[in-house]
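J.: prediction below, plus the sequence it came from.
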Amino acid sequence: MKERIEANPFRKIPTILYPDELMDKAYNRAEKVAGELRKTTRGESLYKSRIIEEHKVRTTASVIGDYLANVIAKTPSVDNLNPFYREILEILIDTDEFKKSLGALQWASEFIKKLGNIYGRKIREARTAQQTSIIRKEFLGRVSSVLKQIYPNLACIAVAREKLKNIPTVKDIPTVVIAGYPNVGKSTLLKKLTNAEPEVNAYPFTTKGLNVGYSDYGIQFVDTPGVLDRPIYERNDIELHAVVALNYLADSIIYVIDPTEYCGYTVEEQLNLLNEIEKTFKVPIIVAINKIDVEGYEKNLKKIEMFLTDKNMDALKISTEKNINLDKLKRKIMEIMRG
Ligand SMILES: Nc1nc2c(ncn2[C@@H]2O[C@H](COP(=O)(O)OP(=O)(O)OP(=O)(O)O)[C@@H](O)[C@H]2O)c(=O)[nH]1
């Protein structure tokens, strides 16, 4: 059973604040707290300073510490990520650096909270009002230096967030991936099997985008220009990750063959790719022999049929343009998807 693919988990990562912005945010909150305390606290000047400065320190520590903890809590952990998104993550960012950066934020969050406690206590023990403010400044210096230290880590997460937050969500419904060489008729078939114009979703694996369409019988169809349309050995690293990502997405595959070879690829080439896809994907494959409205399409049928018999694979002869056997294809898809 395929793992559930949830909505893009990277959208939850909050906006990343840089050290200066974080210090400002904390300063504003601390000043607000201090303003209230100045109005309400009675007593001699040392007593008042101790209370106000300690609150400033503790507020600063909790604003920054909680902010960092919140970033960690809302950032998906690489190890628990759905494999589909993990493949995408691997394509886009250095996952080791990403993990290391989250670790650094965790350390900083805990350390700053600890500093808040240490310096809060020191202020309570201060002997003069002036000393309370010196201790607070020393605290701010240490916090600022911790934040400077994690600046590259904050930057790493900010960059990852920018790259990941707009990855379109793939719906968690039964999915058929359409594969085959360019020009065999994949996009025409996608349009015929689905209702509206397909959505073109930008994914990091392909400059052309994944075309996604939805049928009224509850199945999502994905056309993969630039991904499943040529031999594995011609693919770069990114495209290999893409193939793996699609493997997590697909419940079944329609492999479109153009027997007329007008697509510009020989039947042998097309069968070789089918062979590779069959080895890579462990899902049922429906072979659609397309363009049977074209005169002379039969000349290569024997070769195709021999290959399919050998592989024990089912095929349907169709014409996407002339709507031949498309209903049969739909029925076949539903049969397969029902298991
Ligand atoms: N005669 C005939 N032509 C077809 C049929 N299906 C597709 N074509 C034509 O084949 C060409 C390629 O079709 P597309 O649907 O764009 O093919 P594709 O596989 O999506 O191509 P890429 O987007 O490059 O991957 C177009 O000119 C279509 O009109 C068919 O059943 N019969």
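T.: Arrived safely, thanks for sending.

J.: ramachandran angles for residue 223?
T.: phi -100, psi 140 (degrees, to the nearest 10).

J.: tell me if stretch 255-264 is near the ligand.
T.: No. Using CB under 6 Å from any ligand atom, stretch 255-264 never reaches the ligand; the gap is at least 6.5 Å. For glycine as for every other residue, the C-beta is placed from the backbone atoms N, C-alpha and C.

J.: burial of residue 195, as a residue count?
T.: 10 (other CB atoms under 10 Å).

J.: is the nearest residue to residue 280 once chain neighbours are set aside in a helix, a strand, or coil?
T.: Spatial nearest neighbour of residue 280, excluding adjacent residues (CB to CB, 6 or more residues apart in numbering): residue 243 at 6.3 Å. Here residue 243 is helix, with the state taken from DSSP: H, G, I helix; E, B strand; the rest coil.

J.: for residue 234, see how far away residue 243 is.
T.: 12 Å (CB to CB, to the nearest Å).

J.: next one: residue 49
T.: Residue 49 is 72 Å from residue 234, by CB to CB.

J.: quick one: which of the two has more around it?
T.: Taking neighbours as other CB under 10 Å, residue 49 and residue 234 compare with residue 49 leading, 21 against 7.

J.: tell me the helix or strand right after the helix or strand that one falls within.
T.: Per DSSP states H and E, residue 49 falls inside helix 45-74. Toward the C-terminal end, the helix or strand that comes next after helix 45-74 (DSSP H and E) is helix 83-92.

J.: what's the average pLDDT for that following helix?
T.: In this model, helix 83-92 has an average pLDDT of 79.

J.: and it, how far from the chain's centre?
T.: 6 Å (CA atoms, centre = their mean, to the nearest Å).

J.: same thing with stretch 329-339?
T.: 29 Å.

J.: hey, C-alpha coordinates of that stretch in CSV?
T.: The C-alpha trace of stretch 329-339 is given here as CSV (Å, rounded to 0.1, in the frame of the first residue of the first chain):
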residue,chain,number,x,y,z
LEU,A,329,-9.1,2.2,-21.6
LYS,A,330,-11.0,4.0,-18.9
ARG,A,331,-12.7,0.8,-17.8
LYS,A,332,-9.3,-1.0,-17.8
ILE,A,333,-7.8,1.7,-15.6
MET,A,334,-10.7,1.5,-13.1
GLU,A,335,-10.4,-2.3,-13.0
ILE,A,336,-6.7,-2.1,-12.3
MET,A,337,-7.1,0.7,-9.7
ARG,A,338,-9.7,-1.3,-7.8
GLY,A,339,-7.1,-4.0,-7.5
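
J.: contacts for it next, please.
T.: With contacts defined as CB atoms under 8 Å, 6 or more residues apart in numbering, stretch 329-339 is touched by 174, 176, 193, 215, 217, 219, 251-252, 254, 284, 286, 288, 314, 316, 318.

J.: try it again at 7 Å.
T.: Residues outside stretch 329-339 that contact it (CB atoms under 7 Å, 6 or more residues apart in numbering): 174, 176, 193, 217, 219, 251-252, 284, 286, 288, 316, 318.

J.: out of these, the closest to residue 43 would be?
T.: Nearest to residue 43 among these, counting by CB to CB, is residue 174 at 70.3 Å.

J.: count the residues that sit near that closest one.
T.: Neighbours around residue 174, by other CB under 10 Å: 20.

J.: could you do residue 194 as well?
T.: Around residue 194 there are 20 residues (other CB under 10 Å).

J.: what about the closest residue to it other than its chain neighbours, is that helix, strand or coil?
T.: Leaving aside its sequence neighbours, residue 194 sits nearest to residue 213 (CB to CB, 6+ apart; 3.1 Å). Put simply, residue 213 is strand when judged by three-state DSSP.

J.: show me the shaky parts of the stretch 1-150 of the chain.
T.: 1-7 (pLDDT under 70).

J.: which residues of it lie near the ligand?
T.: Counting by CB under 6 Å from any ligand atom, no residue of the stretch 1-150 of the chain sits close to the ligand.
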